[in-house]
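# no sequence for this one, just the structure:
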């Protein structure tokens, strides 16, 4: 078995949306690499399930609704109080809604922008003073849906597109301060959010046809890229929206004619 790298020993990482999916996998990855990990999310029982497998002395559970700035402020303060500093913020919490602009409920727009975009803004705003001190970094969860459009997913596309461009703007503003800001942009990843999609064999066949690697991602594969972007191995990577998509965006959209 390959020995796990230890790139984050002594460093403190906040992971939002840490109760499942990409957030859970990334929290486990950071912990395995020696980090102090702050598990954040809106469902305490999910966070406690993840924390049960992690070293007690290096783990903090903090319930937080990222759409509420005051709760994110408390989250960041708790991390710094417990571990003394903050080195990495992984803004991962998010939701998805479906429907066209005339079909999707108006409330869905308010909700997805508050959580997906507002949550990233709140995290960056609250964490930046501490990251400036530690010369730390931010990784945001974008999506290939923030790099191109989807059918009947306009609200989600708008939220992820905002995250991608906000990431780039922050990278410009704070790179010379020593704070790097990047985004990871997954395609289909098998998480609780996509569980219903995975049950649809016809849909999965269509995804497999479009993705050159022929499959969706495991959350651990996304976590590995997040850990890279947050590590010193990526010390000259700033302002990147990195597709982790099995080659999906390598295509110009035309069908496979072979």
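Thanks, I have the structure now. Quick caveat: nothing in here was measured; it's all calculated off a predicted structure.
# My guess is residue 140 contacts residue 182. True?
Yes. If you go by Cβ atoms under 8 Å, residue 140 and residue 182 touch, sitting 7.5 Å apart. Heads up, the C-betas are built off the backbone N, CA and C, glycines and all.
# shared neighbours, those two?
Counting by Cβ atoms under 8 Å, 6 or more residues apart in numbering, the common neighbours of residue 140 and residue 182 are residue 167.
# where in the stretch 51-200 of the chain is pLDDT low?
For the stretch 51-200 of the chain, no stretch has pLDDT under 70.
# can you give me the strands for it?
59-63, 88-91, 137-141, 180-186 (DSSP state E, counting those that start in this stretch).
# For the nearest residue to residue 147 once chain neighbours are set aside, list the residues it contacts.
Spatial nearest neighbour of residue 147, excluding adjacent residues (Cβ to Cβ, 6 or more residues apart in numbering): residue 185 at 5.9 Å. Neighbouring residues of residue 185 by Cβ under 8 Å, 6+ apart: 142-144, 146-147, 160, 164, 241-245.
# Any quick PyMOL command for the buried ones out of those residues?
Per 16 or more other Cβ atoms under 10 Å, the buried members of the contacts of residue 185 correspond to this PyMOL selection:
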select buried, resi 142+143+144+146+147+160+164+241+242+243+244+245
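# Filter the contacts of residue 185 down to just the ones in helices.
160, 164 (DSSP state H).
# From residue 10, how far out is the residue nearest to residue 147?
According to Cβ to Cβ, to the nearest Å, residue 185 stands 29 Å off from residue 10.
# Is the residue nearest to residue 147 bridged to anything, and to what?
For residue 185, the beta-bridge partners are residue 243 (DSSP bridges).
# For the stretch 151-258 of the chain, just list every one of the helices.
Counting by DSSP state H, counting those that start in this stretch, one finds helices in the stretch 151-258 of the chain at the ranges 154-174, 195-198, 201-210, 219-230.
# ok, residue 51 - contacts?
39, 59, 61.
# Repeat that for residue 146.
Residue 146 touches 157, 159-164, 183, 185, 241, counting by Cβ under 8 Å, 6+ apart.
# related to what we said a few turns ago, tell me the most buried of the strands of the stretch 51-200 of the chain?
Among the strands of the stretch 51-200 of the chain, strand 88-91 has the highest mean neighbour count (mean count of other Cβ atoms under 10 Å), at a mean of 30.
# In its sheet, which strands sit next to that one, and in what direction?
Assessed with DSSP bridges, strand 88-91 is paired to strand 12-16 (parallel), strand 137-141 (parallel).
# And for residue 86, nearest residue in space, chain neighbours not counted?
Residue 86's closest residue in space is residue 130 (Cβ to Cβ, 6+ apart), at 4.1 Å.
# ditto for residue 131
Once flanking residues are discounted, residue 131 sits nearest to residue 179: 5.0 Å by Cβ to Cβ, 6+ apart.
# Could you report the distance from that neighbour to residue 91?
In this view, residue 179 and residue 91 are 14 Å apart by Cβ to Cβ.
# Residue 14 now?
Relative to residue 91, residue 14 is positioned 9 Å away (criterion: Cβ to Cβ).
# what does residue 257 give?
From residue 257 over to residue 91 the distance is 40 Å, taken as Cβ to Cβ.
# How about residue 211?
Plainly put, residue 211 is 25 Å away from residue 91 if you go by Cβ to Cβ.
# what's the answer for residue 141, then?
As judged by Cβ to Cβ, residue 141 and residue 91 stand 6 Å apart.
# Now do the shared contacts for the two.
Joint contacts of residue 141 and residue 91 (Cβ under 8 Å, 6+ apart) are residue 163.
# Any idea how many residues pack against residue 12?
25 (other Cβ atoms under 10 Å).
# before we move on, back to that, what's the closest of the contacts of residue 185 to residue 216?
Nearest to residue 216 among the contacts of residue 185, counting by Cβ to Cβ, is residue 245 at 9.7 Å.
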